[in-house]
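Asks: The following comprises the amino acid sequence and a computationally predicted model.
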Amino acid sequence: MRLLVLLLACLAATSCVAPATRTATYQNPVLDTDFPDPAVIRAADGLFYVYATQGGDPNRNIQVARSADLVRWQMIGDALPTKPGWASRTQDFWAPDVREANGIYYLYYSAKPDVALTDKARGLCLAVATARQPQGPFVDSGRPLQCGEGFINIDPFAFDDPATGKRLLYWGSGFGPIKVQELSPDRISFAPGSEPVDLVPVIKTENPAEYQRLVEGAWVIRRGDYYYLFYSGDNCCGPKAHYAAMVARSRSATGPFEIRPRPLYLVVEADEHWNAPGHNSVVSDDAGQDWILYHAVDRRRPRAKLTDDMNTRRIMLLDRLVWRDGWPEVAGKRPSSAAQPAPVVR
């Protein structure tokens, strides 16, 4: 009888995920479709959800996939099926991040406002949407969180500081620094009187080998006495793609952050198989092992269609993080291609 009830409940749901069976090994990619800027959470239902920049066929404003084991992923639609009123005629929905608080899921993302269609001085905006379920549908709060020129206001990442109890939002690029600012208790506006704090600067150089000429894609974790700020640069995609994931650390969530020189600051960079790896998120498995999800371009298939630019098909990879002398990296600082031991998920 209990089995029948479970089957009926599953059929009544929009989709079902099979109970996890132990996966001994996996091999990259874990999601072989264009899925840029992956941001992962483990939701209250015990499943993993990962969100990505717009894409797919048909196009989804915010892509979302679900997994029971971090290895086998199922695309489950559009997390933001209805565009916000202030961005109803544009199609630039970038780099989402999702956090849960008190049963509500908050989706932070970037979007181009409609006014930018006629005013070229107007750039992308930070935005927030909410839902009662991790898969959505998320509904925008009704107004941008912050707008500005160019692509300064991109790649938001929300973080609750366990030391201070403050709700923080990291964001940034546009050839400027990664920033952080305190959010209000409502999580959809900045705290009154708060100001952005610059954290990771760009390195102004003509050296094409320098990744930190542009910085973006912040992701923060706390481990021991340190906060680790992952970030990426400098050119995510296209014919001149040159991209890697890096890391800085601090004893405070709002800095200052220690940044080591290259190559020590690298978490993962390109090799002969994978180009332009970066824009990562981090998650722990049930054994306490940290894993990094990130996008990269398969050099053997660098675009989805022949009419696309080179290095625009960014697919999702998974790798174990190794800690060396208090700093994280992927083994060898290169993406894995061979079979690897899988995450432990019970």
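Replies: Received it, and whenever you're ready, just let me know what you need.
Asks: Going along the chain, name the strands of the stretch 101-250 of the chain.
Replies: In the stretch 101-250 of the chain, the strands defined using DSSP state E, counting those that start in this stretch lie at 104-111, 125-131, 139-140, 146-147, 157-160, 167-171, 178-182, 197-200, 216-223, 226-235, 242-250.
Asks: how about those in JSON lines, adding mean pLDDT?
Replies: As requested, the strands of the stretch 101-250 of the chain are exported to JSON lines (pLDDT from 0 to 100):
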{"stretch": "strand 104-111", "mean pLDDT": "98"}
{"stretch": "strand 125-131", "mean pLDDT": "98"}
{"stretch": "strand 139-140", "mean pLDDT": "98"}
{"stretch": "strand 146-147", "mean pLDDT": "97"}
{"stretch": "strand 157-160", "mean pLDDT": "98"}
{"stretch": "strand 167-171", "mean pLDDT": "98"}
{"stretch": "strand 178-182", "mean pLDDT": "98"}
{"stretch": "strand 197-200", "mean pLDDT": "98"}
{"stretch": "strand 216-223", "mean pLDDT": "98"}
{"stretch": "strand 226-235", "mean pLDDT": "98"}
{"stretch": "strand 242-250", "mean pLDDT": "98"}
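Asks: Let's have those in TSV, adding distance to Gly278.
Replies: Any C-beta I mention is one placed from the backbone N, CA and C, and that applies to glycine too. Compiled in TSV, the strands of the stretch 101-250 of the chain are given as follows (distance: least, CB to CB, whole Å):
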stretch	distance to Gly278
strand 104-111	17
strand 125-131	20
strand 139-140	27
strand 146-147	24
strand 157-160	14
strand 167-171	16
strand 178-182	14
strand 197-200	14
strand 216-223	7
strand 226-235	3
strand 242-250	4
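Asks: residue contacts, the nearest residue to Phe230 once chain neighbours are set aside?
Replies: Spatial nearest neighbour of Phe230, excluding adjacent residues (CB to CB, 6 or more residues apart in numbering): Trp219 at 4.4 Å. Under the criterion of CB atoms under 8 Å, 6 or more residues apart in numbering, the contact list for Trp219 reads Ala39, Phe157, Leu229, Phe230, Tyr231, Asn280, Ser281, Val282.
Asks: and the residue positioned nearest the centre of the chain, how far is that from Asp57?
Replies: Per CA atoms, centre = their mean, the C-alpha nearest to the average position across the chain is that of Ala39, at 3.1 Å. The gap separating Ala39 from Asp57 is 21 Å, by CB to CB, to the nearest Å.
Asks: Do a quick rundown of the helices in the stretch 1-150 of the chain.
Replies: Applying DSSP state H, counting those that start in this stretch to the stretch 1-150 of the chain gives helices spanning 2-12.
Asks: thinking again about what came up before, the residue nearest to the centre of the chain and Leu306, how far apart?
Replies: 30 Å.
Asks: What of Trp86?
Replies: Here the distance between Trp86 and Leu306 works out to 35 Å (CB to CB).
Asks: ok, these two, which is more surrounded?
Replies: A count of neighbours by other CB atoms under 10 Å puts Trp86 above the other of Trp86 and Leu306, at 19 against 5.
Asks: Which residues are in contact with the residue nearest to that one when sequence neighbours are not counted?
Replies: Here the nearest residue to Trp86 in space, its sequence neighbours aside, is Pro113; by CB to CB, 6+ apart that works out to 5.3 Å. With contacts defined as CB under 8 Å, 6+ apart, the neighbours of Pro113 are Trp86, Ala87, Thr90, Arg122, Leu124, Cys125, Pro144, Cys147.
Asks: Quick check: chain neighbours aside, which residue is closest to Ala121?
Replies: In space, and not counting its chain neighbours, Ala121 is closest to Glu149: 6.4 Å by CB to CB, 6+ apart.
Asks: Might one say that the one you found is in contact with Gly174?
Replies: Yes. With contacts counted by CB atoms under 8 Å, Glu149 reaches Gly174, the gap being 7.3 Å.
Asks: which residues do those two both contact?
Replies: The overlap between the contact sets of Glu149 and Gly174 (CB under 8 Å, 6+ apart) consists of Gly123.
Asks: So between the two, which is more surrounded?
Replies: Neighbours around Glu149 and Gly174, counted as other CB under 10 Å, are more numerous at Gly174. The numbers are 18 against 12.
Asks: For the nearest residue to that one once chain neighbours are set aside, give its distance to Arg89.
Replies: Nearest residue to Gly174, sequence neighbours excluded (CB to CB, 6+ apart): Ile152, at 3.4 Å. When distances are taken as CB to CB, Ile152 and Arg89 turn out to be 22 Å apart.
Asks: which ones are touching the nearest residue to Leu126 once chain neighbours are set aside?
Replies: Distance criterion CB to CB, 6+ apart; nearest residue to Leu126, sequence neighbours excluded, is Leu145 at 4.2 Å. Neighbouring residues of Leu145 by CB under 8 Å, 6+ apart: Tyr108, Cys125, Leu126, Ala127, Val128, Pro156, Leu169, Ile188, Ser189, Phe190.
Asks: 6 Å - rerun?
Replies: Residues touching Leu145, when contacts are defined by CB atoms under 6 Å, 6 or more residues apart in numbering, comprise Leu126, Ala127, Val128.
Asks: most neighbours, which of the contacts of Pro113?
Replies: Each of those was scored by neighbours using other CB under 10 Å; the highest score is Leu124's, at 30 neighbours.
Asks: quick one, phi/psi of Asn102?
Replies: Main-chain dihedrals, Asn102, degrees, to the nearest 10: phi 50, psi 40.
Asks: Understood, closing this out.
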